[in-house]
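> Provided below are the primary sequence and the corresponding predicted coordinates.
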Amino acid sequence: MPAKRYLMTPGPTPIPPAVAAALALPIVHHRTPEFRAVLARVLENLAAVYRTERDVLLFTASGTGAMESAVANLCSPGDRVLVVSAGAFGERWAGLVEAYGCDAVHLRYEWGETPSGEDVASALGEAGGVHAVFLTHSETSTGVVSDVQEIAERVAPSGALTVVDAISSLGAIPLETDAWGLDVVVSGSQKALMCPPGLAAASVSARALEASRASRSPRFYLDWARTLKAQGEEQPVTPFTPAIPLVRALDAALELLLEEGLEATIERHVRLGRACRAGVKAMGLELFSPDEDRSAVVTAIRMPPEVDAGPVIRAISGRHGITLEGGRGPLVGKIVRIGHIGYVDVFEVAAALTALEQVLAEAGADVERGAAATAALDAYGGEAVRA
């Protein structure tokens, strides 16, 4: 019998059967009324998940493609920008702005620390003349979720644009694009949106569009004006051939998400985060990511000093069919990360914790056997949460 596989990473994530079925539909042409209707529905439903009345641009790309579109369309060489970095994906913003010749001011934290609005305000004041601030909402390399609302409030008086990587947070934790005054928010299909990798989206404010018209950076495929023109037709299209099966899959996924209800989806993710953290603590391990409901995307777990995370993750995958992730950069070998977003339930979280418990015990680590699953299930079934 083929082994059952569990994908417990912060991306890619498992896809529901309805999404898999949409991928298997016969191909259609992307200029037909049939596909235009699907695209129109996807754009409308994406805006609902983004909580925005603004345009949401769709690209056939990974989430990093939407990140690059933000830099290419907003910035000109020499523009002073502030990058707030506390992990691998904050560093990705830094790499992008440097590639486009920006004058980058870097507010860099230790991996695992949480950025603060006060620090951002101080950095803006010291730098002066900052054109845009680049933030990471959910830093999946560490499990930290920043208070983007509070940071955006501190950015607003400076007049700088607020640009947010919400690739893993959109559809999983609270994100209010319009209410929080976020100028650009980028995301990807393979996280909480429950699709395969390959689609990226960016919501853009009127201020961001104005800045894009003044930008001198070269762009073609990721040009916002070209994309807006195509999507703005009476029946929207894409300027280039899109990943047609992925757009159909995203259509199915967004329907499922909105049918559950955004608030209910967010509450479910809070419960899953609570369950995972409770299981980790019950087996006697230490959390690396914060022990707070906001960190509901991925749980990062410190390994005992004598244990290398790499062999643990490989053993869990090879023997139990469960894919987890390790650390990146300075955290390689030091942490194990369990993702719990999208099409994931508490029993899968319990299975991942149990496998981790077993492999660590066999490696000689001092863990409490049999405790993690019970603690996780109890925490998930606790009192109603308010995310």
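Everything's here; your move.
> helix or strand for the residue most central in space within the chain, which one?
Nearest to the geometric centre of the chain sits Ser168, at 1.1 Å (Cα atoms, centre = their mean). Using DSSP states H and E, Ser168 sits within no helix or strand.
> pull the contacting residues for Ala192.
By Cβ atoms under 8 Å, 6 or more residues apart in numbering, the contact set of Ala192 is 13, 168-172, 265, 269, 297, 341-342. C-beta: built from backbone N, CA, C; applies to glycine.
> domain parsing for this structure?
18-259, 261-380 (automatic domain parsing).
> okay, those in TSV with distance to Thr9 and mean pLDDT next?
What follows is the domains of the chain, written out as TSV (distance: least, Cβ to Cβ, whole Å; pLDDT from 0 to 100):
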stretch	distance to Thr9	mean pLDDT
domain 18-259	9	98
domain 261-380	5	97
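> tabulate those domains (CSV), appending distance to Lys4.
Shown next, in CSV, are the domains of the chain (distance: least, Cβ to Cβ, whole Å):
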stretch, distance to Lys4
domain 18-259, 16
domain 261-380, 5
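> which strands and helices lie in contact with the longest helix seen in the chain?
Secondary structure of the chain per DSSP state H: the longest helix is helix 262-282. Judged by 3 or more Cβ pairs under 8 Å, 6 or more residues apart in numbering; DSSP states H and E, helix 262-282 is in contact with strand 286-287, strand 298-302, helix 346-362, helix 372-380.
> to Ala24, which of these lies closest?
helix 346-362 (23.7 Å; Cβ to Cβ).
> now do the buried residues in that closest one.
Buried positions in helix 346-362, judged by neighbour count with 16 or more other Cβ atoms under 10 Å: 346, 348-360.
> got a pLDDT number for Gly382?
For Gly382, the model assigns a pLDDT of 59.
> hmm, I was thinking of Met1
pLDDT for Met1: 58.
> ranges for the helices of the protein?
17-23, 33-50, 63-74, 88-99, 117-127, 148-155, 206-214, 224-231, 244-260, 262-282, 309-320, 346-362, 372-380.
> other SSEs contacting the fourth one?
Using 3+ Cβ pairs under 8 Å, 6+ apart as the contact criterion, the elements in contact with helix 88-99 are helix 63-74, strand 80-85, strand 103-108, strand 132-136, strand 138-139, strand 161-165.
> Asp308 and Ile151: what is the separation?
35 Å (Cβ to Cβ, to the nearest Å).
> compare the two (neighbour count), which wins?
Ile151 (25 against 13; other Cβ atoms under 10 Å).
> residues contacting Val88?
Rather than Val, residue 88 is Ala. Listed by Cβ under 8 Å, 6+ apart, the contact set of Ala88 reads 139-141, 328-329.
> how about the residue nearest to it when sequence neighbours are not counted, phi and psi?
Nearest non-adjacent residue to Ala88, counting by Cβ to Cβ, 6 or more residues apart in numbering: Ser141, 3.8 Å away. Backbone torsions of Ser141, given as degrees, to the nearest 10, read phi -70, psi -20.
> burial count for Ser141?
26.
> let me see the contact set for it.
Ser141 neighbours (Cβ under 8 Å, 6+ apart): 87-89, 111, 327-329, 331.
> going through these, which ones are buried?
87-89, 111, 327-328, 331.
> reformat those as TSV; add distance to Leu199.
Shown next, in TSV, are the buried ones among the contacts of Ser141 (distance: Cβ to Cβ, whole Å):
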residue	distance to Leu199
Gly87	24
Ala88	21
Phe89	18
Trp111	28
Gly327	27
Arg328	24
Leu331	29
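> pick out whichever of those residues sits closest to Ala214.
The closest of the buried ones among the contacts of Ser141 to Ala214 turns out to be Phe89 (Cβ to Cβ; 27.1 Å).
> with adjacent residues omitted, what lies nearest to that closest one?
In space, Phe89 comes closest to Thr136 once its chain neighbours are excluded; the distance is 4.9 Å by Cβ to Cβ, 6+ apart.
> run a quick neighbour tally on Gly78.
Gly78 is flanked by 10 other residues according to other Cβ under 10 Å.
> who touches it in this structure?
101-103.
> need the buried ones from the residues you listed selected in ChimeraX.
Remark: buried members of the contacts of Gly78, expressed as a ChimeraX selection using 16+ other Cβ under 10 Å:
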select :102,103
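> and the closest residue to Leu209 other than its chain neighbours, how far from Ala66?
Excluding the flanking residues, the one nearest Leu209 by Cβ to Cβ, 6+ apart is Trp224, at 6.9 Å. Distance of Trp224 to Ala66, given as Cβ to Cβ: 11 Å.
> overlap in contacts, those two.
In contact with both Trp224 and Ala66: Ala202, using Cβ under 8 Å, 6+ apart.
> okay, now Glu176: neighbour count?
Residues lying near Glu176 (other Cβ under 10 Å) number 15.
> any idea how far apart the tips of stretch 291-304 sit?
Stretch 291-304 stretches 18 Å from its first residue to its last (Cα to Cα, to the nearest Å).
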